[in-house]
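Q: have a look at this prediction, sequence included:
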Amino acid sequence: MPTTWPKLLKSATVTALCALAVATIPQAASAQDASVLAVSHKSPFSCGKTFSANNWTPNHNPGGSIDWQDHNGDDVNGETVRATAAGTAYFKDAGGVSYGKWVEIRHSDGSRTRYAHLSSMVRGAGGSMSVGQGTIIGTVGSTGGSKAPHLHYEQRTSGGAMDTSPTVDGVTVYLGQKRPVSSSNGCGGGGNPPTNPYTPEKACGSGYAVIDSAALAGGRTYLLYNAGNGNNCVVTMKSTNLGTPSAVSAFLEPQGESRAADSGNYGYYAGPVRSDAAKQCVRWGGSVGSSGYTSPFEHCG
């Protein structure tokens, strides 16, 4: 099991200690071979996820590689890793040193990307598979020479040289920079079917658990309860048009009280709508587009 480091230490620890144990540092891509980096890359994470791309220097080996790290309290450890562009993926395992579990994808223009320190891979070491942009290849971990969970990521030319200022999702991360990048990978078209990067529990917050739900055309509305404070919470999650603002709503009405609601054009969900409803019946529901659900008064205990 990977060691879990305190959040306040993770970024500094990774920056100070997570140099890869590789024998040779490739030269940076030169002007004449920059044209081979013609493939457009998205973030290696699921649609809507934002993580920090840290192209730190000095002593990061190889120079120009990115360490994807936590951002605004969102823990990168255990996150799904996706192909940033289509190609053929090759699965490898260096054991307890260097990259650990890692994947190299060779793209149509001859360039390559590498994804290292994975906790798991969708194929065993020595395996390969064709991937589209957005295809799941593994999960973030801390295998090999890593000292804390993160995703080590490289873009290389067909000749093996590092692109020291890689671009993902339209954001160029220059050597020495650390920038947050929001993913559009898997939001629609190609790769794996898009999935909502949010969950009802994450939207409502700590302590809430789903106690009921209802299907909608294009999503689902959820009723959650927090046994610690007696509050209910309603959130409506989209399953289509993810990342694109469209009409969605959620509401919660304790019996005998006024209804609280949230509605608008949102990319992923409406809500959370919360109310103290301990030992009260509640009416709840929501909508995605023209598809809606309204419950009777229920869950009275």
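A: Yep, that arrived. Every value quoted in this text rests on a predicted model; they were computed, and no experiment measured them.

Q: got the contact list for stretch 270-278?
A: 203-205, 229-236, 248-252, 254, 257, 260-264, 282, 286 (Cβ atoms under 8 Å, 6 or more residues apart in numbering). In this view, the C-beta of every residue, glycine as well, is placed from N, C-alpha and C.

Q: let's see 6 Å
A: With contact meaning Cβ atoms under 6 Å, 6 or more residues apart in numbering, stretch 270-278 is reached by 203-204, 230-236, 248-250, 252, 254, 260, 262.

Q: could you identify the pair within those residues that is furthest apart?
A: The distance between the two most remote of these (Cβ to Cβ) is 26.7 Å, for Gly230 and Val248.

Q: show me which of those two is the more surrounded one.
A: The neighbour comparison of Gly230 against Val248 (other Cβ atoms under 10 Å) goes to Val248, with 28 against 13.

Q: what helices or strands is whichever strand or helix holds that one leaning on?
A: Val248 belongs to strand 246-254 when assigned by DSSP states H and E. Here strand 246-254 touches strand 231-238, strand 260-266, strand 269-276, strand 282-288, going by 3 or more Cβ pairs under 6 Å, 6 or more residues apart in numbering; DSSP states H and E.

Q: per-residue confidence at Thr3?
A: Looking at Thr3, its pLDDT reads 37.

Q: no, scratch that, I was asking about Leu9
A: In this model, Leu9 carries a pLDDT of 37.

Q: buried subset of the contacts of stretch 270-278 as a ChimeraX selection?
A: Typed into ChimeraX, the line below selects the buried ones among the contacts of stretch 270-278, using 16 or more other Cβ atoms under 10 Å:
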select :203,204,231,232,233,234,235,236,248,249,250,252,254,262
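
Q: out of the contacts of stretch 270-278, who's nearest Asn185?
A: Closest to Asn185 out of those is Ala203 (21.0 Å), distances taken as Cβ to Cβ.

Q: that closest one contacts Val234, doesn't it?
A: No - using Cβ atoms under 6 Å, Ala203 makes no contact with Val234, being 9.8 Å away.

Q: what strands line up against the strand holding Val248, and which way round?
A: If you go by DSSP bridges, strand 246-254 pairs up with strand 260-266 (antiparallel), strand 282-288 (antiparallel).

Q: from those strands, which stretch is densest packed?
A: strand 282-288 (a mean of 24; mean count of other Cβ atoms under 10 Å).

Q: now that one: average pLDDT?
A: Mean pLDDT, strand 282-288: 95.

Q: try stretch 166-179
A: Over the span of stretch 166-179, the pLDDT mean works out to 94.

Q: just the buried positions in it, please.
A: 166, 168-169, 173, 175, 178.

Q: now Lys202, what's its secondary structure?
A: Classification of Lys202 by DSSP: H, G, I helix; E, B strand; the rest coil places it in helix.

Q: what segments of the chain are helices?
A: Using DSSP state H, the helices of the chain run over 7-17, 200-204.

Q: what does Gln177 show for phi and psi?
A: Gln177 adopts backbone torsions of phi -100, psi 150, taken as degrees, to the nearest 10.

Q: ok, it - contacts?
A: Gln177 neighbours (Cβ under 6 Å, 6+ apart): Asn55.

Q: what's the spacing between it and Thr84?
A: Using Cβ to Cβ, to the nearest Å, we find Gln177 at a distance of 18 Å from Thr84.

Q: could you pull out the strands for the stretch 1-150 of the chain?
A: Using DSSP state E, counting those that start in this stretch, the strands of the stretch 1-150 of the chain run over residues 50-54, 66-69, 80-82, 87-93, 101-106, 112-121, 128-131, 136-140.

Q: ranking the ones you listed by burial, who's on top?
A: strand 66-69 (a mean of 25).

Q: now that strand: mean pLDDT?
A: Across strand 66-69, the average pLDDT comes to 96.

Q: run through who's touching that strand.
A: In contact with strand 66-69 (Cβ under 6 Å, 6+ apart) are residues 11, 14, 51-55, 76, 150-153.

Q: any chance of those in a markdown table, with distance to Asp67 too?
A: Shown next, in a markdown table, are these (distance: Cβ to Cβ, whole Å):
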| residue | distance to Asp67 |
| --- | --- |
| Ser11 | 9 |
| Val14 | 6 |
| Phe51 | 10 |
| Ser52 | 8 |
| Ala53 | 8 |
| Asn54 | 5 |
| Asn55 | 8 |
| Val76 | 10 |
| His150 | 5 |
| Leu151 | 7 |
| His152 | 6 |
| Tyr153 | 8 |
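
Q: and these, which is closest to Ala209?
A: Val76 (24.7 Å).

Q: list the contacts of that closest one.
A: By Cβ under 6 Å, 6+ apart, Val76 lies in contact with 51, 68-70, 140.

Q: ditto for Asn54
A: 67, 69, 178.
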